[in-house]
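K.L.:
Take this sequence and fold it.
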Amino acid sequence: MTDFSSKPTLTGDNVVLRPVTEEDAAVFAEILTDPEVLTLTGTPEDAPPLSPAYLRSWYGSRGDHPDRLDLALVDRTSGEVVGELVLNEWDEPNRSCNFRTLIGPRGRGRGLGTEAIRLLLAHAFEHLHLNRVSLGVFAFNPRAIRVYEKVGFVQEGVEREALLHRGRWIDSLSMSVLAREWAVHRGHPETAHGPGLTGIHTP
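P.N.:
Model (predicted):
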């Protein structure tokens, strides 16, 4: 099993994924104060903003970790960083990891996230030889859920009332995509047919 020591640059038609650096801290400081980002990530309303020093240290040290991959999402048209994609929580014996993404206002609504996730999943399954990539998404984020389904993630469970948000309990959906599913659809399940590609997966 290959670890995450190699930090690749992945290039698509409209996006580039490249390793995050300390210089990205200012961009992420802005993204992490966006009201929509704060809401959809379940960040408490009274949470203090992360300090510039902390963000510089965080993004500057991501390349030192062989058990995770943190990539900046770059819009090829403008050249600006508009978000990040991360593979973390690596379970080496079971060849699985968690996925999360963060996209700021300038990266939304143009398909950049969809293309970027497909690029990263291709790397995960075809180069890192993972068997499973999973994620959690709050039920009040239907846009993200649609994107995840579009690239091949399958809902497999619900964590009921996982988040208390403005007086309401919000469920968290568990989703995953498997290597054998990726081999069939390559991130385009709407054009592929095979077992385990829709609905809740059962053995």
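
K.L.:
counting contacts, what elements does the least confident helix or strand in the chain by mean pLDDT pack onto?
P.N.:
Taking mean pLDDT, DSSP states H and E as the measure, the helices and strands of the chain show their lowest mean at helix 35-40, namely a mean of 91. Judged by 3 or more CB pairs under 8 Å, 6 or more residues apart in numbering; DSSP states H and E, helix 35-40 has no packing partners among the helices and strands. (Each C-beta comes from the backbone N, C-alpha and C, glycine too.)

K.L.:
For it, buried residues please.
P.N.:
Along helix 35-40, these residues count as buried under the neighbour rule (16 or more other CB atoms under 10 Å): 37, 40.

K.L.:
Show residues contacting that helix.
P.N.:
With contact meaning CB atoms under 8 Å, 6 or more residues apart in numbering, helix 35-40 is reached by 31-32, 43, 45, 47, 102, 104-105, 138, 140-141, 144, 165.

K.L.:
just stretch 170-177 next, same as before
P.N.:
Residues lying outside stretch 170-177 but in contact with it, judged by CB under 8 Å, 6+ apart, are 42, 121, 132-140, 145, 148-149, 151-164, 201.

K.L.:
Equivalent analysis for stretch 142-149, please.
P.N.:
Contacts of stretch 142-149 (CB under 8 Å, 6+ apart): 40, 113-114, 117, 135, 137, 139, 155, 173, 175, 189.

K.L.:
Looking at these, which are in strands?
P.N.:
When strands are assigned by DSSP state E, the members of the contacts of stretch 142-149 inside them are 135, 137, 155, 173, 175.

K.L.:
any idea which of those is the one closest to S6?
P.N.:
L135 (22.4 Å; CB to CB).

K.L.:
filter the contacts of stretch 142-149 to the buried ones?
P.N.:
40, 113-114, 117, 135, 137, 155, 173, 175, 189.

K.L.:
least confident pick among those residues?
P.N.:
The member of those with the lowest pLDDT is L40, at 90.

K.L.:
how far away is the residue lying farthest from the centre of the chain from D34?
P.N.:
Computed with CA atoms, centre = their mean, the residue of the chain farthest from its C-alpha average is G167, at 27.1 Å. Distance, G167 to D34, by CB to CB, to the nearest Å: 22 Å.

K.L.:
before we move on, what about R68?
P.N.:
To D34, R68 is 23 Å away according to CB to CB.

K.L.:
Kindly report the same for W169.
P.N.:
Taking CB to CB as the measure, W169 falls 24 Å from D34.

K.L.:
any weak-confidence spans in the chain?
P.N.:
Low-confidence regions of the chain, defined by pLDDT under 70, span residues 1-2, 193-203.

K.L.:
90 - rerun?
P.N.:
Screening the chain residue by residue with the criterion pLDDT under 90, one finds the ranges 1-3, 38, 43-47, 49, 166, 191-203.
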